[in-house]
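> Sharing a sequence plus its predicted fold:
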Amino acid sequence: MIEKVFNMTNGNDPMIEKVIQDENVHYIHMIFNKDEGLPEHFANSNVYMTVLRGTLSIALDEQEVHRYGAYSILKIPFKTKMNVKNLDEEVLELIVLKAPAPQNA
C-alpha cells in the first residue's frame, strides 16, 4: 500500500488530537466546548484553520475578536499572536494545518 491512512476521533468531548506530525506538515484536530480554547500564543508556522462546526471566536495580534462559522477557512501568518476560543453553546470543531511543519515541535 502506497498511502498511509490516518484517522480522527468523532465526538463532542474536548480534545487536541495531533493526527499528523511529520517533517512536512502538522495536521491537528481540535474540539472545544463553550468557554474552552487554546492559551494565547504566537503561531510557530503558517496556520490554516478550518471550522468544521460551531463558531470560532479568534483574536489575532491586537485586533478585536472576529467570529467565523462552519466551513470558514483562515490563513494566519507565521508569528501572529493568536487567541482561539469557543464563546458559544455549540461545540466548536477545527482542523489546524501548519505548513511548513514547525521545526521545534
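Cool, the structure landed.
> For the residue lying closest to residue 43 once chain neighbours are set aside, which residues are in contact?
Spatially, and ignoring its direct neighbours in sequence, residue 43 is nearest to residue 80 (4.8 Å; Cβ to Cβ, 6 or more residues apart in numbering). The way it works is simple: take the backbone N, C-alpha and C, and place the C-beta from them, glycine included. Neighbour list for residue 80: 42-43, 47, 60-61 [criterion: Cβ atoms under 8 Å, 6 or more residues apart in numbering].
> Narrow these to those that are buried.
43, 47, 60 (16 or more other Cβ atoms under 10 Å).
> hang on, the second one packs against residue 100?
The reference is to residue 47. No - at 11.4 Å, residue 47 and residue 100 do not qualify as touching, with contact defined as Cβ atoms under 8 Å.
> sorry, back to before: now for the contacts of residue 80: which two are most distant?
Greatest spatial distance among the contacts of residue 80 (Cβ to Cβ): 47 and 61, at 13.2 Å.
> From the contacts of residue 80, pick the one nearest residue 16.
Set against residue 16, the nearest of the contacts of residue 80 by Cβ to Cβ is residue 47 (13.9 Å).
> Can you report phi and psi for the closest one?
phi -120, psi 130 (degrees, to the nearest 10).
> How about the contacts made by the closest residue to it other than its chain neighbours?
In space, and not counting its chain neighbours, residue 47 is closest to residue 76: 4.2 Å by Cβ to Cβ, 6+ apart. Residues in contact with residue 76 (Cβ under 8 Å, 6+ apart) are 43, 46-49, 60, 82.
> cool, and residue 59?
65-66, 82-83.
> The residue nearest to residue 43 and residue 60: what is the separation?
Per Cβ to Cβ, to the nearest Å, residue 80 is found 5 Å from residue 60.
> sorry, back to before: is it possible to get CSV of the contacts of residue 80 that adds pLDDT, distance to residue 14 and secondary structure?
Conversion of those to CSV gives the following (pLDDT from 0 to 100; distance: Cβ to Cβ, whole Å; DSSP: H, G, I helix; E, B strand; the rest coil):
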residue, pLDDT, distance to residue 14, secondary structure
42, 98, 23, strand
43, 97, 21, coil
47, 98, 20, strand
60, 98, 22, strand
61, 97, 26, coil
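> Fine by me, thanks again.
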